[in-house]
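Participant: Build me a model:
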Amino acid sequence: MLAKENHTQYAILGLLKTGFHTGYSIKQMIDGSLNHFWKISYGQIYPSLKRLEEEGYAAVKVTPQESKPDKKEYFITPKGEQILKKWLQQPIQELPIEKNELLLKLFFSRNQDINTSIQHLDTYQEKLITRYNTYEGIKEMINTQLMEEEDAPFWIITLDYGLCMTQAEIDWCKDTKKKLVKEE
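Facilitator: Next comes the predicted model:
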């Protein structure tokens, strides 16, 4: 069994199962989707793939290339599929705790001008709107180009979560600014 705390290994097994077989394609998928809700750095990918191979959860196929380093393609093994399935069936252990600079600053905002807090909220709200629009664009791309993929309905579900949470944060920013204006 993989270390309980290392969910990144399960993410990579899931990507292998989904059809992403090279470190590069895994990185591309992480950058375009997973990093919106699960942070994985490029530096984690290859050590994780190596560890998964060593533990028998993944196998590697090496293809020589002319004038380039050998191409390594990784594939999930039956043992890897079994451990991934077992992890997917385990109950969720805890709610994530988010580090949020805005909330930290607002918590101590008695010590600054309310207009500065409102400016922070404006900036945060703008970033949220950009994120929301990004999610909408990804959802549209999946709906128009990738719906034949077996995983597409599940990708849409995670996007819908992101859209709902982002909209809730936008609404919270608006409400909080109104409350702060009343405090002036």
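
Participant: can you list the weak-confidence ranges in the protein?
Facilitator: Scanning the chain for pLDDT under 70 picks out 1-5, 184.

Participant: All the strands of it, residue numbers only.
Facilitator: Under the criterion DSSP state E, strands of the chain are mapped to 58-63, 71-76.

Participant: Need the winner for burial among those strands.
Facilitator: Comparing these by mean neighbour count (mean count of other C-beta atoms under 10 Å), strand 71-76 ranks first with a mean of 18. C-betas here are computed from N, CA, C, even on glycine.

Participant: Neighbouring strands of it in the sheet, and parallel or not?
Facilitator: strand 58-63 (antiparallel) (DSSP bridges).

Participant: Pull the strand it pairs with out as CSV, backbone CA atoms only.
Facilitator: Listed next in CSV are the C-alpha coordinates belonging to strand 58-63 (Å, rounded to 0.1, in the frame of the first residue of the first chain):
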residue,chain,number,x,y,z
ALA,A,58,3.7,0.9,-12.9
ALA,A,59,5.8,-0.5,-15.7
VAL,A,60,8.0,1.4,-18.1
LYS,A,61,8.6,0.9,-21.8
VAL,A,62,11.7,2.5,-23.1
THR,A,63,11.8,3.5,-26.8
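
Participant: any idea how this protein splits into domains?
Facilitator: 7-89, 101-183 (automatic domain parsing).
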